[in-house]
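Visitor: Next input, structure requested:
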Amino acid sequence: MTVAGIVGRLPGVVTARGYRREWLRSDITAGLVLTALLIPAGMGYAQAAGLPAYAGLYATIVPLLAYAVVGPSKILVLGPDSSLAPLIAAAVIPLAVTDDPASALALAGILGVLVGVILIAGGYLRLGFVTQLLSKPIRLGYLNAIALIVIVGQLPKVLGFSVDADGVTGQFAEIVRSVLGGDIDPVAAAVGLGCLLVIPAFRRWIPRIPGVLVAVVGAMVAAAVLDLTDRLSMVGELPRGLPLPSFGGVDWGDVVSLIGPAAAIALLAFADTGVLSRTFAARHGEEVNGSTEMKAIGVANVAGGLFGGFPISASGSRTPVAEQNGARTQLTGVVGALAVLAFVLAAPGVTAYLPDAALGAVVIVAATSLIDVSGLVRMWHMSRVEFGLAAAAFLGVALVGVLQGILVAIALSFFAVVARAWQPYRTELVRTSDRPGFHDIDRHPDGERIPGLLLVRFDAPLFFANGDIFDQYIRTAVADAPVPVEWVVVAAEPITGLDTTAVDELVELDQFLEDKGIRLAFAEMKGPIKDRLIRFGVGSRFDGSRFHYTVEAAVDAFHRR
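Guide: Predicted coordinates for the structure are as follows:
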């Protein structure tokens with residue numbers, strides 16, 4: 001395919017060719033309204049990631065423009081995100097030169113490029129399924145922990161002091177000591193707490209007006225009118241112009257150190273983006289290919305990383321704003337990006353009047369949207385095991401570290417899967433008078449056994465961890481049968497896997513039963529499992545006469561013996 005052909009198939013180009021004039025006003029309006037959130041949110045999340053606030057604007061402009069061309073979702077809004085900020089900080093800050101913003105920015109840019117490369121490769125390899133590693137309990141615990149980390153990290157800015165401690169517990173203890181010691185700056189606290197009240201108040205009672213914009217503009221006006229620039233910590237003026245690719249001071253050792261964090265960030269970024277992309281596409285009667293989405297997010301991250309940004313993902317707070325204000329196509333994101341660019345070029349000095357306390361409040365309000373206590377309560381009632389996984393993810397991320405906590409939670413999820421398969425549900429099946437077929441004796445204790453026939457069901461794949469349990473269960477059931485057993489029939493439909501260890505256990509069980517004059521047979525066993533028995537070299541022992549299409553067919557064969 002020619003270059004022109006490839007370009008012509010890009011989602012943004014396809015949309016542009018079919019663009020309708022009646023969409024233009026809605027897209028422009030939505031883009032301008034969106035700008036009111038893009039600027040403070042981008043700057044706030046940059047600070048939460050341990051980077052200069054202006055980096056959040058670069059991480060907004062370039063990815064939005066790149067995604068508008070290659071992104072399959074028409075209204076998805078990309079940019080810095082509160083859920084990624086702690087991971088970026090955990091990866092970049094330990095490697096950065098102390099008090100050198102350029103060093104942190106270069107590392108963050110490399111991290112963005114690595115995240116993008118991983119996502120692009122994953123898209124081509126169709127690895128979207130890896131997001132399933134982040135099960136609902138893990139995501140629930142992770143997001144609640146991220147909210148806690150972000151809120152605790154931003155509280156000192158809102159209250160007008162700083163803390164020098166690592167970890168949530170250390171930071172929280174320092175905050176308590178500072179508050180009790182009277183270190184609160186009353187002016188900063190007034191600004192910060194005022195923004196914390198204004199933003200949710202507008203969201204609840206006047207949702208058409210962005211409360212974030214009102215709070216930030218109000219704080220800037222107050223700082224200018226009351227001459228607070230020397231009294232409070234300010235964001236400061238933006239650098240003139242736009243950044244060019246610059247990774248000075250970053251060596252290959254740093255790049256290697258960032259690969260692991262980049263993989264974790266890529267996983268989380270696509271997990272969030274994939275869910276949002278499918279959700280908003282479904283609302284508009286469209287479909288989004290997961291692999292295409294993964295590649296598009298990758299391209300956006302590479303572009304942002306090259307031009308002064310850091311890893312980004314889709315925004316669960318800004319995308320709904322675009323939708324609610326009539327966004328129809330990718331042009332909304334382009335308008336928002338160009339408006340932010342105009343702000344950077346035309347009014348870089350305005351942010352000299354923006355208090356850090358106001359940005360801290362913006363980030364805290366955004367982080368509260370990640371808190372889902374009701375979800376934890378529901379999970380407690382639904383599954384104590386999954387609640388335990390959520391709690392492990394929460395404690396691991398909050399107390400041990402973001403990356404380490406996620407890895408521990410994923411490992412625990414795998415352990416839970418193995419544990420469920422290790423001790424699966426198993427039961428004897430009996431006939432009942434009120435319904436056809438054969439049913440669980442524990443649910444139908446008045447059911448009728450067939451003399452001489454033991455019907456059992458084992459609800460799990462057979463593998464190294466449960467092969468012996470299957471063996472012992474059959475032997476115990478045979479020994480406890482009220483009359484001597486002549487046949488054992490395993491209702492094998494739930495057995496979806498088989499490994500060599502389990503086959504050895506199966507052969508030993510068959511030999512044990514054969515020595516007692518008992519025949520072992522299977523009902524409803526899947527074809528691939530039969531094929532494995534043959535491939536593992538026991539097809540002659542378990543020949544076709546051992547298998548029956550249904551449990552009823554196995555019972556009929558027993559009666560005809």
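
Visitor: use CA for all of it now, contacts and neighbours both
Guide: Noted.

Visitor: Which helix or strand lies directly C-terminal to the longest helix anywhere in the chain?
Guide: Ordering each helix of the chain by length in residues (DSSP state H) puts helix 252-283 first. Using DSSP states H and E, the helix or strand that follows helix 252-283 in sequence is helix 290-306.

Visitor: Could you give the average pLDDT over that following helix?
Guide: Across helix 290-306, the average pLDDT comes to 92.

Visitor: and what of stretch 44-59?
Guide: 91.

Visitor: Which secondary structure elements does the helix or strand where Ala502 lies sit against?
Guide: Ala502 belongs to helix 500-515 when assigned by DSSP H and E. Under the contact definition 3 or more Cα pairs under 8 Å, 6 or more residues apart in numbering; DSSP states H and E, helix 500-515 sits against helix 467-480, strand 519-523.

Visitor: contacts for it?
Guide: Leu462, Phe463, Phe464, Asn466, Gly467, Asp468, Asp471, Arg475, Arg519, Leu520, Leu533, Phe536 (Cα atoms under 8 Å, 6 or more residues apart in numbering).

Visitor: now those residues: which count as buried?
Guide: Leu462, Phe463, Phe464, Asn466, Gly467, Asp468, Asp471, Arg519, Leu520, Leu533 (16 or more other Cα atoms under 10 Å).

Visitor: among these, which two are most distant?
Guide: Of all pairs drawn from those, the greatest distance, 23.8 Å, lies between Phe464 and Arg519 (Cα to Cα).

Visitor: and Pro271, what pLDDT?
Guide: One thing to correct before we go on: residue 271 is Ala, not Pro. For Ala271, pLDDT reads 79.

Visitor: Can you name the residues that contact Ala460?
Guide: Residues near Ala460 by Cα under 8 Å, 6+ apart: Ala421, Pro424, Tyr425, Pro494, Ile495, Thr496, Gly497.

Visitor: If you tally nearby residues, what's the number for the second one?
Guide: Residues near Pro424, counting by other Cα atoms under 10 Å, number 16.

Visitor: ok, it to Ala145 distance?
Guide: Distance of Pro424 to Ala145, computed by Cα to Cα, to the nearest Å: 32 Å.

Visitor: And for Lys157?
Guide: 20 Å.

Visitor: of those two, who's got more company?
Guide: Ala145 (27 against 24).

Visitor: secondary structure class for the more buried one?
Guide: helix (DSSP: H, G, I helix; E, B strand; the rest coil).

Visitor: so what's the backbone phi/psi at Arg541?
Guide: phi -70, psi -50 (degrees, to the nearest 10).

Visitor: And for it, the neighbour number?
Guide: With neighbours defined by other Cα under 10 Å, the count for Arg541 comes to 13.

Visitor: Repeat that for Leu125.
Guide: The burial count for Leu125: 10, using other Cα under 10 Å.

Visitor: that older thread, to the chain's geometric centre, what's the distance from the helix holding Ala502?
Guide: Centroid displacement of helix 500-515 relative to its chain, using Cα atoms, centre = their mean, to the nearest Å, is 43 Å.

Visitor: what's the angle from that helix to strand 519-523?
Guide: Angle of helix 500-515 versus strand 519-523, following axes from the mean of the first three to the mean of the last three Cα atoms, to 10 degrees, is 130 degrees.

Visitor: circling back: what's the closest of the buried ones among the contacts of helix 500-515 to Glu386?
Guide: The closest of the buried ones among the contacts of helix 500-515, once distances to Glu386 are taken by Cα to Cα, is Asn466, at 21.5 Å.

Visitor: and the closest one, how far is that from Gly497?
Guide: When distance is defined by Cα to Cα, Asn466 is 12 Å away from Gly497.

Visitor: picking up where we left off before, how about a markdown table for the helices and strands packed on helix 500-515, with distance to Pro348 and mean pLDDT added?
Guide: Formatted as a markdown table, the helices and strands packed on helix 500-515 follow (distance: least, Cα to Cα, whole Å; pLDDT from 0 to 100):
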| stretch | distance to Pro348 | mean pLDDT |
| --- | --- | --- |
| helix 467-480 | 68 | 94 |
| strand 519-523 | 75 | 96 |
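
Visitor: Can I get those in CSV including distance to Cys195?
Guide: Below are the helices and strands packed on helix 500-515 laid out as CSV (distance: least, Cα to Cα, whole Å):
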stretch, distance to Cys195
helix 467-480, 60
strand 519-523, 67
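
Visitor: what's the closest of these to Val456?
Guide: Among the helices and strands packed on helix 500-515, helix 467-480 sits nearest to Val456 (Cα to Cα), with 8.0 Å.

Visitor: Next secondary structure element downstream of the closest one?
Guide: Next along the chain from helix 467-480, counting by DSSP H and E, comes strand 487-491.

Visitor: Just want the angle from that following strand to helix 500-515.
Guide: 150 degrees.

Visitor: Mind listing residues that contact strand 487-491?
Guide: Strand 487-491 has contacts (Cα under 8 Å, 6+ apart) with 452-458, 518-525, 551, 554, 558.

Visitor: And the strands in this structure, which stretches?
Guide: According to DSSP state E, the chain carries its strands in the segments 78-79, 313-314, 426-431, 438-440, 453-458, 487-491, 519-523, 547-548.

Visitor: winner for burial among the ones you listed?
Guide: Neighbour counts (mean count of other Cα atoms under 10 Å) averaged over each of these peak at strand 78-79, with a mean of 29.

Visitor: Tell me the strands beside that strand, with direction?
Guide: If you go by DSSP bridges, strand 78-79 pairs up with strand 313-314 (antiparallel).

Visitor: circling back: looking at the helices and strands packed on helix 500-515, which is closest to His439?
Guide: Nearest of these (Cα to Cα): strand 519-523, 14.2 Å.

Visitor: Give the pairing partners of the closest one; include direction for each.
Guide: strand 487-491 (parallel), strand 547-548 (parallel).

Visitor: and the angle for the first one with helix 467-480?
Guide: Per the same axes, to 10 degrees, the angle that strand 487-491 makes with helix 467-480 is 140 degrees.

Visitor: what mean pLDDT would you report for strand 487-491?
Guide: 96.

Visitor: which residues does the residue lying closest to Ile88 once chain neighbours are set aside contact?
Guide: Leaving aside its sequence neighbours, Ile88 sits nearest to Ala49 (Cα to Cα, 6 or more residues apart in numbering; 5.6 Å). The contact partners of Ala49, taken as Cα under 8 Å, 6+ apart, are Leu84, Ala85, Pro86, Leu87, Ile88, Ala89.

Visitor: Return the member of the residues you listed nearest to Leu111.
Guide: Using Cα to Cα, the contacts of Ala49 come closest to Leu111 at Ile88, 8.1 Å.

Visitor: these two touch, right, the closest one and Leu107?
Guide: No: between Ile88 and Leu107 there is no contact under Cα atoms under 8 Å: 9.7 Å.
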